[in-house]
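**Student:** quick one, fold the following:
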Amino acid sequence: MSAFDIDVTARDRERDVRLQLRDAGPFALVVGDPGAGKTALVETIAGLRRPRAGHVRVAGRLLTDADGGRHVRPARRGVGYVPAGGGLFPHLTVEENLAIGVRRVDAPAIEALEAAVARWSLRGLLGAGPDALTPARCVEVAVARALGAGATWLLLDGPDRATGASGWTAFLDAIADLGHPAIVACEAAAAAMARPAWSRHPIDARPPEGP
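**Tutor:** Next up, the predicted model:
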């Protein structure tokens, strides 16, 4: 079974944007230039927006079906959604940010959190605040927090802007090493640098179909 079966249309400003992602394997890149509608599509996949059309199915579970009216709430999707910049709480330390995600004693989630902390050598940063971290570090902490919250798949918006070209390939390698299926939205130049394990899926923009 493919990790992702997605064919969804979202409204982005004055146009519709569509993403088709099928038989993609566990690691997929949503590719588009700045302003192409990546965030609108990512938020739709996460359940933060309702789609104009289409469906989202992850690991065989139907999360969104515009025709059938199905819309699973974001908190029940099992998704580790990481917005651009990471979305850390600025008034909390790294350790406190990570602790927010751990809502219950769940061995797989704790193991996933510990694996991410080890993979990115975050232990030495636990007492620091987000303002003392690089943008790339903020995204790494946000991914670790999502895994500690029990995410079964990851959805990241624009981490290539945080890592820069120098850290991009290593970041994707780390995401793959952590072992959770992942969708990552990025720009075309970043997608061209990714290893073959990451499939690439361009955004299709079109005139709106109606009001």
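
**Student:** would you confirm that G167 contacts A136?
**Tutor:** Yes. Counting by CB atoms under 8 Å, G167 touches A136, with 5.4 Å between them. (Glycine included, C-beta is placed from N, CA and C.)

**Student:** so how many other residues sit close to V82?
**Tutor:** 29 (other CB atoms under 10 Å).

**Student:** and it, how far from E14?
**Tutor:** 27 Å (CB to CB, to the nearest Å).

**Student:** cool, A59 as well?
**Tutor:** Counting by CB to CB - A59 and E14 are separated by 34 Å.

**Student:** and these two? Which one has more around it.
**Tutor:** Neighbour tally, A59 and E14, criterion other CB under 10 Å: the higher count belongs to A59, 15 against 7.

**Student:** just give the nearest non-adjacent residue to the more buried one, would you?
**Tutor:** A3 (5.9 Å; CB to CB, 6 or more residues apart in numbering).

**Student:** now do the contacts for the one you found.
**Tutor:** By CB atoms under 8 Å, 6 or more residues apart in numbering, A3 lies in contact with 24-26, 58-59, 153, 181.

**Student:** rerun at 7 Å
**Tutor:** Taking CB atoms under 7 Å, 6 or more residues apart in numbering, we find A3 in contact with 25-26, 58-59, 181.

**Student:** what segments of this structure are strands?
**Tutor:** Counting by DSSP state E, the chain has strands at residues 4-12, 15-22, 27-31, 53-58, 61-65, 70-71, 79-82, 153-157, 182-186, 199-202, 204-206.

**Student:** elements contacting the fifth one?
**Tutor:** Read that as strand 61-65. strand 53-58, strand 70-71 (3 or more CB pairs under 7 Å, 6 or more residues apart in numbering; DSSP states H and E).
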